[in-house]
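Chemist: Sequence and computational prediction follow.
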Amino acid sequence: MQIEEFSLERIQSLYENIVEYNLSDSGVHPYSLRELLSETEQQQLLDIELGYGWTNGAVELRQTISALYQGRDEDSVIVTNGSAEANFLMVMSVLEPGDELIVFVPNYLQIWGWARSLGVVVKEVVLREELDWTPDLDDLKKVISSKTKMITICHPNNPTGSLLSAKAMTDLVQVARDHDLYLHADEVYKGSELDGPETPSFADLYEKSIVTNGLSKAMALPGLRLGWLVGPKDVIYKAWQRKDYTSITTSAVSEFVAQIALQPDCRARILNRSKRILKENLALLSSWVERNGNRFSFVPPKAGGMAFVRYAQPINSTKLVHRLREERSILLLPGDVYGLDGYFRVGIGAPAEHLEVGLERLSDFVKSELED
């Protein structure tokens, strides 16, 4: 089996810890356990026995997760080591060699790469910047064939932070239903909407939806490596069978903290913090783009911890990112690791002073090194 290098993760793993200003993250500045937990909960944490838990996740935690969705119970949920494992298991549980998978791009291309390595035929539908990075469903309908088995969307989108309207979500569901397709949605940024109420889950709109989520992005708890998959019970059971061959179980410590974090009051408190940080930093980024309007432009994100910025200079995005890293000690993510060159992704979940200095270094580099 040939596995393509996951360029996005390779760049981050090599360089995010050795630059002065890491602007490549797409989450929100993380909590410490001391910030998140009460003194009583901290003491309870110290008393946890570090044994094996349920291989599909503790029953109580799966019940808590299922309560986030309509008409689901604990058997509709499997708890995973981060949403990345959820995506990994989902592909192995649903898709076979020769099946066709439709992926909206730009996108976090883990599913794209893993499916291709298993012999799945991957077709792309490009999100339209002129449509605020949302798809034209006529483009989707054109690539569906008798071999298409699943559509996958990242919603809210990584890297653009775009959101579908309620009607667009319903229309997408109808396309999947008309062709009896699975509809997978990576919803790890759900809850970080910058204006208005939280977006509905696709799991509440369609019986053949499969949803990935976790605590790493909107919930600002990436170090727990706690994710989940929600979907039809037969798919979840298949994922459980495959998890026996991967990580077997998740951390007892992570499950304890997750059970606290996902209680309604605590979840609301975490998401309110995330939204406050993201709104403040988006204002900072917007001001910076306005001051550098001849060099950069973007469609402001509606959710999530990142923005997808277009640049005017005639340089490949990966080359640009590596020069910034080497010459200014800044790390961004290049657009071509998302399937679209000419852009870079900048995280807006970092402390404001960190983002501000990093952006100034970026604009100074462009002015002094890429312009006459």
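Modeler: Cool, the structure landed. Residues are numbered from 1 along each chain as shown.
Chemist: all helices of this protein, in order?
Modeler: 7-15, 33-36, 39-46, 59-66, 82-94, 110-117, 137-143, 166-178, 233-243, 252-261, 264-291, 317-328, 352-365 (DSSP state H).
Chemist: So which of the ones you listed is nearest residue 306?
Modeler: Distance to residue 306, taken as CB to CB, is lowest for helix 264-291 among the helices of the chain, at 9.4 Å. Yep, even glycine has a C-beta here, placed from its N, CA and C like the rest.
Chemist: Just the buried residues of the closest one, please?
Modeler: Residues 266-267, 270-271, 273-275, 277-278, 281-282, 284-285, 288-289 are the ones in helix 264-291 that count as buried (16 or more other CB atoms under 10 Å).
Chemist: Run through the stretch 101-250 of the chain and note the low-pLDDT ranges.
Modeler: For the stretch 101-250 of the chain, applying pLDDT under 70 flags no range at all.
Chemist: just to revisit the earlier point, right, and out of the buried residues of helix 264-291, which lies closest to residue 77?
Modeler: Relative to residue 77, the closest of the buried residues of helix 264-291 is residue 267; by CB to CB it sits at 15.8 Å.
Chemist: ok, that closest one - contacts?
Modeler: 191, 219, 261 (CB atoms under 8 Å, 6 or more residues apart in numbering).
Chemist: what would these look like in TSV with distance to residue 249 and neighbour count?
Modeler: Conversion of the contacts of residue 267 to TSV gives the following (distance: CB to CB, whole Å; neighbours: other CB atoms under 10 Å):
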residue	distance to residue 249	neighbour count
191	26	23
219	21	29
261	19	22
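Chemist: Dump the residues you listed to CSV, plus distance to residue 37.
Modeler: Shown next, in CSV, are those (distance: CB to CB, whole Å):
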residue, distance to residue 37
191, 20
219, 14
261, 9
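Chemist: ok, the buried residues of helix 264-291 vs residue 55, which is closest?
Modeler: In terms of CB to CB, no member of the buried residues of helix 264-291 lies closer to residue 55 than residue 267, at 25.1 Å.
Chemist: so how far is residue 64 from that closest one?
Modeler: According to CB to CB, to the nearest Å, residue 267 and residue 64 sit 10 Å apart.
Chemist: ok, now residue 96?
Modeler: Counting by CB to CB, the gap between residue 96 and residue 64 amounts to 33 Å.
Chemist: which of those two has more neighbours?
Modeler: In terms of neighbours (other CB atoms under 10 Å), residue 64 is the more surrounded of residue 96 and residue 64; the figures are 21 against 10.
Chemist: Now do the same contact list for the more buried one.
Modeler: Residue 64 makes contact with 259, 262-263, according to CB under 8 Å, 6+ apart.
Chemist: If any of those residues are buried, put those into a PyMOL selection.
Modeler: Command for PyMOL, covering only those of the contacts of residue 64 found buried under the criterion 16+ other CB under 10 Å:
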select buried, resi 259+262
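Chemist: Closest one of the contacts of residue 64 to residue 137?
Modeler: Comparing those against residue 137 with CB to CB picks out residue 262 as the nearest, at 33.1 Å.
Chemist: Once you drop chain neighbours, what's closest to the closest one?
Modeler: Of all residues beyond its chain neighbours, the one nearest residue 262 is residue 64 (5.0 Å), with distances taken as CB to CB, 6 or more residues apart in numbering.
Chemist: Let me know the pLDDT of that neighbour.
Modeler: The predicted local confidence for residue 64 comes out at a pLDDT of 98.
Chemist: and what of residue 372?
Modeler: The predicted structure scores residue 372 at 59 on the pLDDT scale.
Chemist: Identify the residue nearest residue 9 in space, chain neighbours excluded?
Modeler: Distances taken as CB to CB, 6+ apart put residue 110 closest to residue 9, at 7.8 Å, once the chain neighbours are dropped.
Chemist: The one you found: neighbouring residues, count only.
Modeler: Around residue 110 sit 19 other residues, with neighbours defined as other CB under 10 Å.
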